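> have a look at this prediction, sequence included:
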Amino acid sequence: MDIFEKYRGLIARHDRMLEAAGDPFNVCMERLISPTEAIIDGKRTILFGTNNYLGLTFDPHCIEQSAAAVREQGTGTTGSRIANGTYKSHRDLETEIAGYLGKRTALVFSTGYQANLGTLVGLAGPDDIILIDADSHASIYDGCKLTGATVIRFRHNNPADLDKRLARIENKEQVKLVVVEGIYSMFGDMAPIAEFVDVKKRHGAFLMVDEAHSFGVSGDHGRGVAEAEGVEADVDFVVGTFSKSLGAIGGYAASDHPDFDTLRFVSRPYMFTASPSPATAASVRAALECMRDRPELRTRLWENARRIHQGLEALGFETCSPASPIIALRMSDEVAALTAWRRLLDHGIYVNLAVPPGTPNGVCLLRCSVSAAHSNAQIDEILRRFGEVASEILTVADAG
Amino acid sequence: MTSSPENHRDALTGKVAELLERYNKTGIAVTADTDLSADLDIDSVSAMDLIMEIEDHFDIDIPVNMAADIRKVGDLVAVVEQQLGG
């Protein structure tokens, strides 16, 4: 039997997509023009699905710091920190992240995916129980699998359901770790973190919050939904990414727990991978400065998000959550979603196609993400072009 | 329901089949041998949702680790039985 036999069904589904609309999961950005524009298929296209929330990817200060680091420290670290050593830039970045979050210790990881993997694997083992939100990101599911822990799902954003499940295992003496996200990547909805804090306290569980999509976005200082809800001190472990608001790549985990540094010698996704490049560490530090010193970026992001959310609803699109920098539009099925995605790209708008099993409840979505760098003129254009294709998209959706 | 294990399992299978009805789009007869993916076309994500409904109905937890091994309705019933007993 061929080694790819198990994927025949998926390959056929992918082929059908290719034939109908090109490859929605492998779009080539032939040239980047700015945080919000690229050349795709030879055409100038507005980027409306790249999680570039603060629009810092072309920030002159970030670029300059990054370029200086390449010149001074080289292109890469050529290995892991346990083998090749820690660069001072790693340590400086960890100190800054910890300081920014007001946590005792921070660790950096090479990607956001690894930040979740590495934190979960470092915290939980086969004798522990992890309770995760049903709509958790793949990195949380995969990280849980690596721990060997018993993994229980609770209903999405439902503290009462978590409470019920924790009550069922009340008598088990195992360590219990609850994992939620700040803003969920598909629908853009926010977790009621303060309520989750109440529940976890009642049951003596630990709480880990992944603020990947909310870092730089929520809270007065951009520290995430836990900051916005005033419960940061009750979050035992916070994880986040550098690849969204901070415009780079990598991730972090931070905690006040006195033993948190243990992860450095028990967490394999931290130990056995090349450490972040000096250029990355430098641009992340520069982006953190921007985030701290320019709160107007966050204000602008939310203004843009509210305006686009309202505009798309006015055009007749069905959104999946209140306004946030992630705006998911519900399509009736995969064909409708694919058609809509293609039409928008033809009209010079790049969004994400999101289909099962990558979406909650088997829904098909056009997933859009807003940037502080979207200008008023671009927003006008986005709404105008959505308007142009709306009748066709919505007819396809209704017919589906 | 009588106390014999066979009857108990039959009753559980019946209840699970009832909860599966929503997913049974082609209206096939659901037995312990019915394959969730091949026969009922339930994908991995829908299977997780189905398991959550079953957890709620029986007031049990079915950890993700156990769910990974469930292929047929009979496997599901066996897991429910085990969790009810535990």
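Yep, it's here.
> residue numbers of chain B in contact with chain A?
Proximity of chain B to chain A (Cβ under 8 Å from any Cβ of the partner chain) is limited to residues B:43-46, B:48-49, B:52, B:59-61, B:63-65. (Each C-beta comes from the backbone N, C-alpha and C, glycine too.)
> rerun that using 6 Å as the cut-off
Taking Cβ under 6 Å from any Cβ of the partner chain as the contact definition, chain B meets chain A at B:D43, B:S44, B:V45, B:D61, B:P63, B:V64, B:N65.
> so what's the last one up against?
Think B:N65. By Cβ atoms under 6 Å, 6 or more residues apart in numbering or on different chains, the contact set of B:N65 is A:V151.
> count of residues packed around B:E21?
Around B:E21 there are 9 other residues, counting by other Cβ atoms under 10 Å in any protein chain shown.
> now do it against B:G14, distance only.
To B:G14, B:E21 is 11 Å away according to Cβ to Cβ, to the nearest Å.
> contacts for the helix or strand where A:A67 lies, please.
Take DSSP states H and E as the rule and A:A67 turns out to sit in helix A:60-73. Outside helix A:60-73, the residues that touch it by Cβ under 6 Å, 6+ apart are A:L56, A:P278, A:A279, A:A282, A:S283, A:A286, A:A287.
> wait, the fifth one touches A:G247, no?
No. Counting by Cβ atoms under 6 Å, A:S283 sits too far from A:G247 to count as a contact (7.1 Å).
> OK, contacts around the residue most central in space within chain B?
In chain B, the residue lying closest to the centroid (Cα atoms, centre = their mean) is B:L76, at 3.8 Å. Counting by Cβ under 6 Å, 6+ apart, B:L76 makes contact with B:V16, B:I70.
> okay, the lowest-mean-pLDDT helix or strand in chain B in PDB with CA atoms only?
The weakest-scoring helix or strand in chain B, judged by mean pLDDT, DSSP states H and E, is helix B:5-20 (a mean of 86). Presented in PDB, the C-alpha positions along helix B:5-20 are these (Å, rounded to 0.1, in the frame of the first residue of the first chain):
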ATOM      1  CA  PRO B   5     -24.400  -7.200  31.800                       C
ATOM      2  CA  GLU B   6     -25.700  -8.100  28.300                       C
ATOM      3  CA  ASN B   7     -28.900  -6.300  28.800                       C
ATOM      4  CA  HIS B   8     -27.100  -3.400  30.300                       C
ATOM      5  CA  ARG B   9     -24.800  -3.100  27.300                       C
ATOM      6  CA  ASP B  10     -27.800  -3.500  24.900                       C
ATOM      7  CA  ALA B  11     -29.600  -0.700  26.600                       C
ATOM      8  CA  LEU B  12     -26.400   1.500  26.400                       C
ATOM      9  CA  THR B  13     -26.000   0.700  22.800                       C
ATOM     10  CA  GLY B  14     -29.600   1.700  22.200                       C
ATOM     11  CA  LYS B  15     -29.200   5.000  24.000                       C
ATOM     12  CA  VAL B  16     -25.900   5.700  22.100                       C
ATOM     13  CA  ALA B  17     -27.600   4.900  18.800                       C
ATOM     14  CA  GLU B  18     -30.400   7.300  19.700                       C
ATOM     15  CA  LEU B  19     -27.800  10.100  20.400                       C
ATOM     16  CA  LEU B  20     -26.200   9.200  17.000                       C
END
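> give me the helices and strands touching the helix or strand where A:A167 lies, please.
Using DSSP H and E, A:A167 falls within helix A:159-168. Other helices and strands packing on helix A:159-168, by 3 or more Cβ pairs under 6 Å, 6 or more residues apart in numbering or on different chains; DSSP states H and E, are strand A:150-154, helix A:193-203.
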